[in-house]
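Peer 1: Fold the stuff below for me.
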Amino acid sequence: MNRIALGVAIFTLGQQVIFYLKERAHRGSEFTAACLIIGMVLMIPPGFFTRRYSTNRTLTALLLSWMGIAILNMYLHAPAGGAYLDLFRENSNYLFTLVFLLLLTYTPEEISPHFALMAVLITLAGNLLLFYSLMTNPNYILGMRATIFYGDGESGGNPHVAARNGFAGFIAAVILLRKNNLLLKLLAFANAGLSLAAIVMAQTRIMLLCMGLVVLIFLFYNARPRNIKAFGKTLRQPTNLAFLAITGTATYLLVFQTPLYDLLQNYALSFFESFLRATSTASTVFRGPSMEDPDASASYRVTTIGFFREVLVGRPFTLVFGAGYKLLYMDVPLLQAFHDCGIAGLVTFGGFLYVASKHCLRIFKNPPNELSLFMAYFFVPTLVGTFVGGLPYDTSFLFIFALIARFIRPTALAVQTPVPIAQPSAHLT
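Peer 2: The predicted structure is shown next:
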C-alpha cells in the first residue's frame, strides 16, 4: 500500500520535487510527464485492475462535466482559432487527469493509513530541496521570498508552490503525530518545523491566512472539554514533559539568542504591510481608484474583476456560452470559468467547489479516515485559491479535484477507519 500511496502523493504533492529535478536536469515539460508516468506505474494495484472501487458520483460527474466543457471550448470556442494555445500541453493536462482519476477508481481504501507517511516524505523532500536551493544560491539573501531558483541563480519559480508544499507537509505531519511510533513522531516534528519555515519564508499572504483558518477550524471542531482533558493528561507524561522542556529551551535559544528573532519580526512586519496594501487595493473595486501605492497582484485582480463587471452589465449574453477559452487571464479561477465557459462552466466548476465544501465540513467534525481528513484540510487553500490566483484548468486544481472525487464521499459509503488517537505510553505522545 505504501507504493500506491506514494504514487498518489507524486501526483498531488510532488510539484516541488518535480520542479527542482526538472531544473537540475535542464529539461522541460517532458520531464514532468515522465515523473507523472512513474506515479502512474506506482499506482497500478496488485491483481492488475481486478477490483474497481466507487467514487463520489456527484463530484465525479461535476469534474468530468467541467473537463468536458473546457475541452469543447478549447477546440470549438477559442479566439483566433486557439493559435495562442499550446494544444499538446493542454491535452496532456486533461489526459493525465483522466488517467489519474481512472487509476484512483482501482485504488483501495486501505491506502489511507499509509498516505500521511508518504505525504510527509515527499513534502519533506520538497522542503529540503527548497532550502538546499536557497543555500547554494549566492544571490539569495534572507528576507527574499523563498522559491527554487533556476540555474542562473537569479530567476526562480513560483513561491506559492513552496508554500503549498509546506502547507501539505504541515497537515500531513500533524496527522502522522497521532501514530504511536517514536521515529514517526520525530520525522513528523522535523517536517512540521521545516514546513512552517517554508511557508513563512515564501511570504505568500494567502497561505499564511489559510494556516490561521485551518487552526480555527481545528479548534472549533476539537476544542471540547473531554479532548482538552485528555490532551493535558498526555502532556503530563514524564517523557513528554522532558521533550517539551528540551524543545522549549532549544526554541528560546534559537529565536532569542540569534538574529532569527529580528528576521521573524521583519517577516511579520512585511506580511502585515503587504496585507494592508493588498486589502486597500482590493477595496478599490467598490470605492474607486486610490492614489496609494497599490499591491501589484491585487491590482491586477481588481482590473480583471472590473472588466468582468463591465461584461456582466454591458454584455451579459456573452456569459451565457462564455467569451472563449483562455481569452483573458483573470487570476480568479472561479470568475475565469464563468467568463470563458459561460453558465455551464460556472455550474460545473462552482458546483464542485460547493459540494466538496459541504463534505469537508462533515469530515472536519467526524473524519472517517486519515486520507479524508488530510484532503478536507488541504481543500481549504485549494478553495481559497479559486478566488485569488491561477487558472481553473491547472493540474494543481484538477489533480486535487480527482482525489477528492474518489475519497471524499457520503458517510454511508466511506470506509470507517477512524483516525488513531495517540494513547498514553512510555514513549513520546
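Peer 1: number of nearby residues for F48?
Peer 2: F48: 7 surrounding residues under other CB atoms under 10 Å. Backbone N, C-alpha and C define where each C-beta goes, glycine included.
Peer 1: Helix, strand, or coil at it?
Peer 2: Following DSSP: H, G, I helix; E, B strand; the rest coil, we place F48 in the coil state.
Peer 1: ok, now how distant is it from M1?
Peer 2: From F48 over to M1 the distance is 16 Å, taken as CB to CB, to the nearest Å.
Peer 1: for I10, same thing?
Peer 2: 15 Å.
Peer 1: who's more crowded, these two?
Peer 2: Using other CB under 10 Å, the more surrounded residue of I10 and M1 is I10, with 23 against 16.
Peer 1: was I right about that one contacting I37?
Peer 2: No: contact criterion CB atoms under 8 Å: I10 and I37 do not qualify, at 10.0 Å.
Peer 1: Flag the shaky bits of the stretch 1-150 of the chain, pLDDT-wise.
Peer 2: 80-83, 149-150 (pLDDT under 70).
Peer 1: Stretch 134-141: which residues count as buried?
Peer 2: For stretch 134-141, a neighbour-count test (16 or more other CB atoms under 10 Å) marks L134, N137, Y140 as buried.
Peer 1: how about L62, what does it touch?
Peer 2: Going by CB atoms under 8 Å, 6 or more residues apart in numbering, L62 touches T348, G351, F352, V355.
Peer 1: so which helix or strand takes in the closest residue to the third one other than its chain neighbours?
Peer 2: So the one you mean is F352. Excluding its sequence neighbours, the residue lying closest to F352 (CB to CB, 6 or more residues apart in numbering) is L62, at 4.2 Å. Using DSSP states H and E, L62 sits within helix 57-76.
Peer 1: Show the subsequent helix or strand relative to that helix.
Peer 2: helix 87-104.
Peer 1: how about that next one: buried residues?
Peer 2: Within helix 87-104, judged by 16+ other CB under 10 Å, the buried ones are E90, S92, N93, Y94, F96, T97, V99, F100, L101, L103, L104.
Peer 1: again, but for stretch 306-326
Peer 2: F308, V311, L319, G322, A323, G324, Y325, K326.
Peer 1: Export the residues you listed to a markdown table and append columns for secondary structure and distance to Q16.
Peer 2: Shown next, in a markdown table, are those (DSSP: H, G, I helix; E, B strand; the rest coil; distance: CB to CB, whole Å):
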| residue | secondary structure | distance to Q16 |
| --- | --- | --- |
| F308 | helix | 32 |
| V311 | helix | 36 |
| L319 | helix | 36 |
| G322 | coil | 33 |
| A323 | coil | 34 |
| G324 | coil | 33 |
| Y325 | coil | 28 |
| K326 | coil | 25 |
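Peer 1: Make CSV out of those and add pLDDT.
Peer 2: Below are these laid out as CSV (pLDDT from 0 to 100):
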residue, pLDDT
F308, 82
V311, 84
L319, 88
G322, 87
A323, 87
G324, 87
Y325, 89
K326, 87
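Peer 1: can I get the residues you listed in a markdown table with distance to P392?
Peer 2: Formatted as a markdown table, these follow (distance: CB to CB, whole Å):
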| residue | distance to P392 |
| --- | --- |
| F308 | 14 |
| V311 | 17 |
| L319 | 15 |
| G322 | 12 |
| A323 | 14 |
| G324 | 14 |
| Y325 | 11 |
| K326 | 10 |
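Peer 1: got the contact list for I408?
Peer 2: When contacts are counted by CB under 8 Å, 6+ apart, I408 touches N56, L59, A356, H359, C360, I363, S372, M375, A376.
Peer 1: where does the most centrally placed residue in the chain land on pLDDT?
Peer 2: Centroid check for the chain by CA atoms, centre = their mean gives R164 as the closest residue, at 4.9 Å. Looking at R164, its pLDDT stands at 93.
Peer 1: Just say helix, strand or coil for it.
Peer 2: Counting by three-state DSSP, the backbone at R164 sits in helix.
Peer 1: One more: the one 4 residues further on?
Peer 2: Here A168 takes the helix state, with states given by three-state DSSP.
Peer 1: who's in contact with the helix or strand where R24 lies?
Peer 2: R24 belongs to helix 15-25 when assigned by DSSP H and E. Residues external to helix 15-25 that are found in contact with it (CB under 8 Å, 6+ apart): 10, 28, 31-32, 35, 122-123, 125-127, 129-130, 133, 148, 150-151, 157, 161-162, 164-165, 396.
Peer 1: ok now that helix, how far from the chain's centre?
Peer 2: Offset of helix 15-25 from its chain centre (CA atoms, centre = their mean, to the nearest Å): 18 Å.
Peer 1: Return the set of buried residues in that helix.
Peer 2: Q15, Q16, V17, I18, F19, Y20, L21, K22, E23.
Peer 1: With only the CA atoms kept, save that helix in CSV.
Peer 2: Output of helix 15-25 as CSV, limited to C-alpha atoms (Å, rounded to 0.1, in the frame of the first residue of the first chain):
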residue,chain,number,x,y,z
GLN,A,15,5.2,19.5,-7.8
GLN,A,16,8.0,21.0,-5.7
VAL,A,17,10.3,17.9,-6.1
ILE,A,18,9.5,17.6,-9.8
PHE,A,19,10.2,21.3,-10.4
TYR,A,20,13.6,21.1,-8.7
LEU,A,21,14.7,17.9,-10.5
LYS,A,22,13.5,19.3,-13.8
GLU,A,23,15.6,22.4,-13.4
ARG,A,24,18.6,20.4,-12.4
ALA,A,25,18.2,18.2,-15.4
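Peer 1: Would you indicate which residues of the helix or strand just after that helix are buried?
Peer 2: Downstream of helix 15-25, the next assigned helix or strand under DSSP H and E is helix 29-43. Buried residues in helix 29-43, defined by neighbour count with 16+ other CB under 10 Å: F31, T32, A33, C35, L36, G39, M40, L42, M43.
Peer 1: helices and strands around helix 29-43, which ones?
Peer 2: Here helix 29-43 touches helix 2-13, helix 15-25, helix 87-104, going by 3 or more CB pairs under 8 Å, 6 or more residues apart in numbering; DSSP states H and E.
Peer 1: what's in contact with it?
Peer 2: With contact meaning CB under 8 Å, 6+ apart, helix 29-43 is reached by 3-4, 6-8, 10-11, 14, 18, 21-22, 25, 89, 92, 96, 99-100, 103-104, 107.
Peer 1: Identify the residues contacting stretch 113-127?
Peer 2: Residues contacting stretch 113-127 (CB under 8 Å, 6+ apart): 1-2, 4-6, 8-10, 13-17, 20, 162, 165-166, 168-169, 172-173, 175-176, 184, 187-188, 190-191, 194-195, 197-198, 369-371, 374, 417.
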